[in-house]
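Enquirer: need a structure here:
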Amino acid sequence: MLTTKRLILRRWEDSDAESLYEYAKDPDIGPAAGWPTHKSVEESLGSIRTVLSRDETYAICLKSDNKAIGTVALKLKGCTDLTERDDECELGFWLGKPFWGRGIMPEAAGELLRRAFEELGMERVWCAYYDGNTKSKRVQEKCGFKYQWTSEGVDVPLMHEKRTGHVNCLTKEEWAKLNG
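Expert: Numbers count the residues shown, from 1 in each chain. I've put the predicted structure just below:
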C-alpha cells in the first residue's frame, strides 16, 4: 500500500467489483483508454481477478472512504509493448469521471513514479495515450513526461480498431530534477 496527502493506493480486492463497475460502465472511461465499457459487476470482478491483480497495479482510493475510484499501474517487462528492459516500465491509469479535474490522477501517478524510480530502480518510465484523450495527455504533461513519437494505425485489440497513439517518456534524471 502507498499513500499520498489525499489518497491510498492499494491492491484491488474482490469487494471492489461494484465500485469498479460504477466507473468502468461509463463510456467516457474505458474506450478512451482502449478497453470496452463494463457490462456487469461480474465483468468488473473478472477484471479485478485478471488485469487488475498484476504486480504494481493499484486501486486509487480517497483516504476519506477507501473506495476504489480508479487505477494506476506500472506495467513491467512482459506486460508492455513499449520496452523489453528490466529497468523501464509503462505507466497506465484511469479515473472515475466524478473525480476528474481535482488533481487526483497527477497525485496518484506522481506517487507511483516515485516508487518506480526510488524503490524499483527504473531508469525510464513510458506512458502513452490515444489521439483525442486530452485528459491523459494533460496528466502526463503535469507529471513531466516528454513527447517521443506518434504512431498511426496502432492496434487496439479490445476495441477491435486502429488508432493514432502518442508515446511520452520520463527519465529518472528528469524526474529527480522535477522532484528535487
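Enquirer: Show me which helix or strand of the protein is least confident by mean pLDDT.
Expert: helix 30-33 (a mean of 92; mean pLDDT, DSSP states H and E).
Enquirer: Now tell me what touches that one from outside.
Expert: Ala24, Pro36, Thr37, His38, Gly92, Trp94, Tyr130, Gly132, Asn133, Lys135, Ser136, Met159 (C-beta atoms under 8 Å, 6 or more residues apart in numbering). (Each C-beta comes from the backbone N, C-alpha and C, glycine too.)
Enquirer: repeat that with 6 Å
Expert: The contact list for helix 30-33, computed with C-beta atoms under 6 Å, 6 or more residues apart in numbering, reads Ala24, Pro36, Thr37, Trp94, Asn133.
Enquirer: In space, what's closest to the residue nearest the centre of the chain - neighbours in sequence excluded?
Expert: Centroid-nearest residue in the chain: Phe93, 1.6 Å away (criterion: C-alpha atoms, centre = their mean). By the measure of C-beta to C-beta, 6 or more residues apart in numbering, the closest residue to Phe93 outside its immediate chain neighbours is Val72, 4.5 Å from it.
Enquirer: Then Ile60?
Expert: Gly70 (4.1 Å).
Enquirer: just how off-centre is the least confident helix or strand of the chain within its chain?
Expert: 11 Å (C-alpha atoms, centre = their mean, to the nearest Å).
Enquirer: what about Ala109, which helix or strand?
Expert: For Ala109, the host element (DSSP states H and E) is helix 104-114.
Enquirer: partners of the following helix or strand past that helix, with directions?
Expert: Where DSSP H and E defines the elements, the next helix or strand beyond helix 104-114 is strand 124-130. Next to strand 124-130 in the sheet, as set by DSSP bridges, lie strand 88-95 (parallel), strand 161-171 (antiparallel).
Enquirer: Which of those has the highest mean neighbour count?
Expert: strand 88-95 (a mean of 23; mean count of other C-beta atoms under 10 Å).
Enquirer: got the CA positions of that strand in CSV?
Expert: What follows is strand 88-95, C-alpha atoms only, in CSV (Å, rounded to 0.1, in the frame of the first residue of the first chain):
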residue,chain,number,x,y,z
GLU,A,88,12.0,0.5,-17.8
CYS,A,89,8.2,0.2,-17.5
GLU,A,90,5.0,1.8,-18.7
LEU,A,91,2.6,3.9,-16.5
GLY,A,92,-1.1,3.3,-17.1
PHE,A,93,-4.1,4.9,-15.4
TRP,A,94,-7.7,5.8,-15.5
LEU,A,95,-10.0,7.6,-13.0
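Enquirer: Many thanks, I have nothing further to ask.
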